[in-house]
Every structure is written in structure tokens, then in C-alpha cells.
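> Predicted model follows, preceded by the sequence.
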Amino acid sequence: MLKIQRILLPVDFPNTSLRVVHQAATFARHFRAEIVMMHVATAQSHAAGVPEDGPEFDRWNVLAEVLGEAKKNLDQNLATELDGLTIHSLLVKGDPARTIVDVAQQEKADLIMMPSHGYTFNRFLLGSETAKVLNTTECPVWTDAHIAELPTVGLTLRQILCAVDFKPQDQGAVSWAMQMAAEFGAKLTLVHVTSSVELWGPGGSYVVPKLRAELVGDASEQLAKLKKEMGTDAAVLIGSGDVPKVLREAVKQTKADLLVSGSRPYGGHLRTHGYAIITAVPVSVLSV
């Protein structure tokens, strides 16, 4: 049974990504978990009103500011969704990525849920800083969909896609995906992306049927073995070529609400393309 007792929720200021706060509220209520809502103060957030030091810094309330941002954005539901939840506000200083990793360890977080949009995060956490969090923390990391136009609503999981790379970390990713599917009554699909089956020649590229048959056949055997080991009857999907692009199409094909990616501890295409996957797919990504 999946146990999520403490969620670390880094938030931006100003321009808080309210969508991931809604998602964290859904998780916290479902799992009866505590939320540690933190903001890492930066020059940008100081310019926006976060105190730099002294008693005002100690009194600055992250939760109150987030609720204030929600009110400005005419978000009528966030206060209700957070009502009754155990929320600990934390304002800290330091390098954003390193501080998030350290606080996750100190607070014994079971899950980090990060926004992927916002003034400060856009500069400090996306790109190399997000990679630092993903590559240095042992805690699973949930990143919000990298699409600004999505509505700010709670979390709904009906279809879950789990990317596997036939590496040791697959079992952890599939386990998380299976348990998430069980918790929310969602359908699970396992997806694997093989090497490209196209070759370049006169006139452009063309598919090599024999190569495709061999790669797909081998992947099918390994997926069947993985399903047996994990005790799941999940559907399977096999693609080839550019990993982020194929996963984006797989998300669209399965109408997935979440992509679970086995990107740690070491090696494999999923880890190499971790940040590119987050920016490519139109849904939240859980990196395990």
C-alpha cells in the first residue's frame, strides 16, 4: 500500500503556480499527509515583497501569501481544498535546488511536488536546476505539466502511463505506478521506447522492417517478463525513436493524466532525457 505521509511543496513568489498547490491538496487529503509548503527566498522574491531578514522574515507566512495569490487570481476553491489539512509553512534562504533537496531529507518527505511555471522557478529551477533536484534527491519528484494554459483544478487520475527502460529502476517506477493506479482507480499502461528503426539514405529516411521486428519483439518479451515479475496486467505500448517525442505521443494516445518515469538511480534513456521529457509531455511527471 502506497504511503505518502509528508509532501514537500516548494512554491514560487510572486506568480505562484496554484495548479500544483491544488494537486498537493488532493494528495494530502487522499493520503492524510502533511504538506510542508516552502519558499526559497531569492533576489526576485525579495523585490516582490518577501522580507530579506530580521523579524519580518521570520513572520512571513508562505501559506497566507499563497492564499492571497489565489484570491487575486479569483481562485475560489483553494482555501476550501486546503482547509483542515496539516500545513507547515517554511521560508528559507539558499541555493534553490540544493535547499529543496536538503529540506526534503530533513523533513523526511515522501514526495516532492514542484511547479513548473513562475517567475522565480522559471529562472532558477527549470533546466539545470530541475536536473539538480532530480539527480540529487532520493525522494520521488512530481513536476507539474509544463503547459501554462491548463486550468487550475484539482488532480484527476484516470489513465496512468509508466515509462520503462529495462533497467533496475523499472521495478520502483512500476510499483509506484501500480499503487497510484490502485489508489485512484486508474488504468495503467507500460510504455517502452526502442532505438530508432529508421535509416537515412537516398531520398530521406526509411524504416527497416527487420530491425523494427527485432526491437519490438525483444521489447515485447521484456515487457511480458516485467509484468509477470510485478504481478500486473497493465496494457503495453512500444514506440521507437526520440524518447521525449514518443512519450508525448503515447500520453496523447492513451489520454494519460500522469506519466511515471523510472529515471533513477543511474543510467538509461529516461534519466538522460529527464528534463526533456518533463517539458515535452502535456501532463504531470512523477520521476521515481
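It's in. Keep in mind it's a predicted model, so treat the numbers as computed, not measured.
> Give me the buried positions along the helix or strand hosting Gln222.
Assigned by DSSP states H and E, Gln222 belongs to helix 209-230. The neighbour-count check on helix 209-230 (16 or more other C-beta atoms under 10 Å) flags Leu211, Arg212, Leu215, Val216, Ala219, Leu223, Leu226, Lys227, Met230 as buried. Backbone N, C-alpha and C define where each C-beta goes, glycine included.
> Same question for stretch 135-146.
Asn135, Thr137, Cys139, Pro140, Val141, Trp142, Thr143, Asp144, Ala145, His146.
> So if we follow the domain assignment, how does this structure break up?
Split into domains by automatic domain parsing, the chain comes to 6-143, 159-287.
> would a markdown table of those with mean pLDDT be doable?
Output for the domains of the chain, formatted as a markdown table (pLDDT from 0 to 100):
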| stretch | mean pLDDT |
| --- | --- |
| domain 6-143 | 84 |
| domain 159-287 | 85 |
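> and the helix holding Gln222, how far from the chain's centre?
Relative to the centre of its chain, helix 209-230 is centred 27 Å away, using C-alpha atoms, centre = their mean, to the nearest Å.
> for Met67, what are its contacts?
Not Met; residue 67 is Leu. Listed by C-beta atoms under 8 Å, 6 or more residues apart in numbering, the contact partners of Leu67 are Leu78, Ala79, Leu82.
> As a check, name the ranges of all helices in the stretch 101-250 of the chain.
For the stretch 101-250 of the chain, applying DSSP state H, counting those that start in this stretch gives helices covering 119-124, 128-136, 170-184, 209-230, 243-254.
> Looking at the ones you listed, spot the one closest to Glu34.
helix 170-184 (17.7 Å; C-beta to C-beta).
> neighbouring contacts of the closest one?
Here helix 170-184 has contacts from 1-2, 30, 140, 157-158, 160, 162-164, 186-188, 190, 226, 229-230, 232, 234, 258, 260-262, 286, 288, using C-beta under 8 Å, 6+ apart.
> Stretch 20-32 now?
2-5, 7, 9, 11, 33-35, 37, 66, 70, 77-78, 81-82, 85-86, 111, 113-116, 142, 144, 152-155, 183-184, 284.
> Show me which of the contacts of helix 170-184 are buried.
Buried among these (16+ other C-beta under 10 Å): 140, 157, 160, 162-164, 186, 188, 190, 226, 230, 232, 234, 258, 260-262, 286, 288.
> Those in strands, which ones?
Residues of the buried ones among the contacts of helix 170-184 located in strands (DSSP state E): Ile160, Cys162, Ala163, Leu188, Leu190, Leu258, Val260, Ser261, Leu286.
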